[in-house]
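Asks: Compute the structure for the input listed below.
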Amino acid sequence: MIRLLVALDPEDPEVLPLLEGLILSGYAISVARDRQRALEKFRASPHHLVITDDGDDRGTPLLAAIQALAPRLPALLLTHEGVVLLLTPREGNLPPACTVASRTTSPADLLVLVETICKRTTRKR
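Replies: Predicted coordinates:
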């Protein structure tokens, strides 16, 4: 079973459709509201993908901490900056295996993106 670590605010109304879609698609998910809880859950069990956003203490600080533990683990960063972030140099602040998507991407499109990343990841193992 593919395990996802979802480090998003579960009470955010934009997040609920994504969580629902992931569960209905058969993914095992661990939800963490902040970086500390996300790292605890990551250390407790293996995950195939990390999904986070640029809110609070999540985003690049969380991805940097996880990259130190698992450099090849893919991540999906949902950002309000969207394409602008893609056009700027990474300058080492995002892991190479990080995919960036806009927070305005539809839940259906995010599910397709998650499925694509997970297929690519599980095929490499």
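
Asks: residue nearest the centroid of the protein?
Replies: Among the residues of the chain, Ile51 comes closest to the average C-alpha position under C-alpha atoms, centre = their mean, at 1.3 Å.

Asks: List the beta-bridge partners for that residue.
Replies: Taking DSSP bridges, one finds Val6, Leu76 as the beta-bridge partners of Ile51.

Asks: Wait, it touches Val6, no?
Replies: Yes: contact criterion C-beta atoms under 8 Å: Ile51 and Val6 qualify, at 4.8 Å. Heads up, the C-betas are built off the backbone N, CA and C, glycines and all.

Asks: List the contacts of Cys118.
Replies: Shown in contact with Cys118 (C-beta atoms under 8 Å, 6 or more residues apart in numbering): 2, 4, 27, 48-49.

Asks: cutoff 10 Å now
Replies: By C-beta atoms under 10 Å, 6 or more residues apart in numbering, the contact set of Cys118 is 2-4, 25, 27, 48-49, 74.
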